[in-house]
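[1] A predicted structure for the sequence below; I have some questions about it.
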Amino acid sequence: MEGMKLRVWLYLSVWGALCVWMVVGANGGFTLPPGPPSPDYKADDVKYEDGGMGPLYNFARKFINMCLSDIKDVIEVIKDAIKGKIGSNVQDILQMVRSNFLGFSISVVVGLLFIVIFPIVGCCFCCCRVACKACCAQPDEEDPSVSCKKAIYGTILFVIVAFTAAGNICVYVSNDRISLALTEIVDNVDKNLDDIKLFMEHSSKQVDSIKTNFQTAKTELDNHLDATKLSEALQKKAISLLTGGAVDHLQTDIDDVISTVTNVNTAMNDFQAACPPAVCSSPISPPNLQTLPSIDISNQATTSIKTAIDNALVSTSGAISAAKTQLNSADTKIGNLVDNTKDAIQKGDVVNIKDTKTMVKNQKDFITPYDKYRWYAGIGCGGIVSLILALYCCGICCGCCGGRSVNDPLEKGCVSNCAGRLMIGSLVFIFVFCPLLMLITTLMYIPGAIIERYVCQPFTDPNLEFLDELMDSFEMNFDNIVKHEPGHEMSLKSFLGNCKNNMAIYKALDLEHLTLFSFKFSDLENEVQNIMNHMNTGMGTMLNDKTAFGSANLLPAGLVTNLDGIKNTMSSLDLTSLNNAIQQMEPAVTAAGALPGPSSATMQTSLNTLKTAKTQLARLKTDIPTAVDDVKHQLNAATTNMQSNGMTNIAQSFVNDTVNIIDVYFKDVKGKLHNEIGQCQPLWNLYNSIIKISLCQYIVDAFNGFWFSIGWCIFFLLPGAVVGTKLSNFLRDVKYVYDNNHDAESGKSKRTKKNQVGHKDDDDE
């Protein structure tokens, strides 16, 4: 009964070891080196800095969105125009404009009307003021609320000037940022060109690593399928698998004992040679350590099964040859994959980086002088507004400093009169230059608003929501370019989104279903399965024949004798002599350290070697006898297992190991193609940094910010003109002509107003 329990326990141990070995072998056996590390791309660091102008740009964007309809409506209009649904008569066109561009049309018309009407209003105002002075008549009597009115009008004008000054500052900043955009575009283009070149080179290295790794895997497979090595490999696997690694562990310990004893003897000789005669007057007694005989446990244990394995392998030659054929077929497919991919990379690398950089730089040099003139024009526009604001500010300051406490309209000082004239001077500049500023604003608004609403917003949308619809409206289908299989069509939105997430190009572009890409992973999977089928067929004799190994004996008498000898030797190992030698060496090392020369360092090294050997041999002295008993036990159980089951488990494990090599490579290729090779972040960076950041954010935002800032200034200058005119009436004196009549009651001279047209005012009755 006890024997039956022991046998069951042994079988469970063997199968447990088998499961553990298969898991470890499948995951930690044959491995491939990682691919080349991912490079650092320059465009990854390209960020947009709005320079504090973000609120202004957002304000302008809100205004544009209010004036222009949504991109969806425009897409529908484009589709209807292409299909001929929009008629050519004026009524249809007006209906289309009213439905989609009403706000935009109104804003343009208002700008044009302002350009025409505002100069006329200015002329009428000037004529009225110069001729009849009806716009600046002073009251005949003293007004006690004059000071209050001046304070109110002055405060309102000051607030208007402050808002206008904010817009004026934005004019200058936006003007400078347009010039900054030119530099940023060139820098971003240079960075992206360098990144694309680096991307191509890195992708080529990654593709080459596929071929290199396959050669490594193929070499390993050839070793597994080599007829001269196959028998020995199966023998070693049988011992390792059936004993749960106990034989390998014991073999390692025996080899460690042999090498340790050798190191001790070498260290003692080095110590004796290095020790000065003054210190070592008499030689130190060497330790008496008995070494172990060199033994190959696996070779002795498999003596009885060598012939059976050789006979079984005779029938596997055809299947192994077929497996090699499949391996060569896989080699061809891998070669096609590498060649096709490198060809695609070479076709994509059609841009001469150096020439393109030179061309971009030349274009910048060509545009820069014209941009300088544009910058001067922008400074001029801002300067006009600044001049008006300067007149207003001087007028307000003079009005505050030159005011008097009396309320008599005739009692005006020189400073107050100057303030009034400054107000009128700013009014003249408003009437002269505001139409010009409005013309510039309107001309810039038309293209800026359209580009922002219908180009930049669809292309800079984080979700790329309308990108495909916009392309479809112009009959530009992305899949017509890349040509996927039916049912696997891909949009530009999906491709850019995948590159934004830094996917590999194989997965980002779905090359598995690309009609122009001949390699299919399903074909490689079939090759792996065919190799496994041939290996299973080739090992069929071993997998199914359980009687050929009935006389197997994995623990022959000679092996038992050798193992018992090793056990006895280790049990009687004399470590006392080693300890005595160490105790004699320690004072000698100390004494040698006081003497000049390098001998003490050599002696210390030898002493350290002996101390390490002492610790290791003490452990092995305890472990090896136990390991010997365990190995004898395991080999007995393995003999019983092989006599009952033959090489079934061993052969299947060998097949799994062989197929695992190509499977590891297949998974390595699949993983790299799906996750590493050609990670297309540089393609997204190209789109993001050129289209979104350089074009839309640096150029279009600054462009729109410029005209919006000018429009902002005009918007506040108009009420400023009205308030300034009213305020000037309280600051500036009006010439009165006094007649010789006197008021009978007051005794003061009566004042009458005389205009410059030629008629006189009616006398008081």
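    Yes, it's here. Numbers count the residues shown, from 1 in each chain.

[2] so V186 touches K364, yeah?
    Yes - when contacts are counted by Cβ atoms under 8 Å, V186 is listed as touching K364 (5.0 Å). Every residue, glycine included, has its C-beta placed from N, CA and C.

[3] Looking at these two, which has the bigger crowd around it?
    For V186 versus K364, neighbours defined as other Cβ atoms under 10 Å are more numerous around V186 (18 against 15).

[4] A helix includes that one, no?
    Yes - per DSSP: H, G, I helix; E, B strand; the rest coil, V186 lies within a helix segment.

[5] what pLDDT does it get?
    Looking at V186, its pLDDT is 84.

[6] How about F703, nearest residue that isn't a chain neighbour?
    Of all residues not flanking F703 in the chain, G448 sits nearest, at 5.1 Å (Cβ to Cβ, 6 or more residues apart in numbering).

[7] residue contacts, the one you found?
    Contacts here follow Cβ atoms under 8 Å, 6 or more residues apart in numbering; on that basis G448 touches 64, 700, 703-704, 707.

[8] Closest one to L56 out of these, please.
    Of all those, L56 sits closest to N704, with 9.1 Å by Cβ to Cβ.

[9] The closest one reaches A449, doesn't it?
    Yes - at 7.3 Å, N704 counts as touching A449 under the criterion of Cβ under 8 Å.

[10] Overlap of the contact sets of those two?
    In contact with both N704 and A449: I64, using Cβ under 8 Å, 6+ apart.

[11] how close does T658 sit to D176?
    70 Å (Cβ to Cβ, to the nearest Å).

[12] likewise A637?
    Distance from A637 to D176, by Cβ to Cβ: 87 Å.

[13] pLDDT score for the residue nearest to F703?
    According to the per-residue confidence, G448 scores 92 in pLDDT.

[14] Looks to me like P33 is in a strand.
    No - judged by three-state DSSP, P33 forms no part of a strand; its state is coil.

[15] Quick one: residues contacting it.
    Counting by Cβ under 8 Å, 6+ apart, the residues that P33 touches are N213.

[16] per-residue confidence at it?
    At P33, pLDDT is 80.

[17] go on, P435?
    P435 is assigned 92 on the pLDDT scale.

[18] Do I have it right that it meets P119?
    Yes - P435 lies in contact with P119 (Cβ under 8 Å); the separation is 5.3 Å.

[19] more crowded one of these two?
    Of the pair P435 and P119, P435 is the one with more neighbours under other Cβ under 10 Å, namely 19 against 15.

[20] could you point out which element follows the strand or helix carrying Y665?
    Taking DSSP states H and E as the criterion, Y665 maps to helix 648-675. Next along the chain after helix 648-675, taking DSSP H and E as the criterion, comes helix 681-686.

[21] contact partners of that following helix?
    By Cβ under 8 Å, 6+ apart, the list of residues contacting helix 681-686 reads 41, 43-44, 46, 192, 195-196, 198-199, 496, 499-500, 502.

[22] just those residues now: which is nearest S606?
    Among the contacts of helix 681-686, and counting by Cβ to Cβ, the member closest to S606 is L198, at 54.1 Å.

[23] Without its sequence neighbours, what residue ends up closest to the closest one?
    Once flanking residues are discounted, L198 sits nearest to P39: 5.4 Å by Cβ to Cβ, 6+ apart.

[24] go on, F730?
    Take F730 and drop its neighbours on the chain: the residue closest to it by Cβ to Cβ, 6+ apart is K150, 4.7 Å away.

[25] gap between that neighbour and L422?
    For K150, the distance to L422 - Cβ to Cβ - is 15 Å.

[26] same deal with T164?
    From T164 to L422 the distance is 16 Å (Cβ to Cβ).

[27] and what of S606?
    Distance, S606 to L422, using Cβ to Cβ: 102 Å.

[28] all helices for the stretch 451-600 of the chain, in order.
    Per DSSP state H, counting those that start in this stretch, the stretch 451-600 of the chain carries helices over the ranges 457-460, 467-473, 479-482, 492-500, 505-508, 521-538, 540-544, 557-571, 576-593, 599-645.

[29] Do me a favour and average the pLDDT over stretch 584-593.
    79.

[30] ok, now stretch 370-377?
    91.

[31] quick one: buried residues of it?
    Buried residues in stretch 370-377, counted by 16 or more other Cβ atoms under 10 Å: none are found.

[32] Please apply the same query to stretch 59-72.
    Applying 16+ other Cβ under 10 Å to stretch 59-72 flags 59-61, 63-64, 67-69, 71 as buried.
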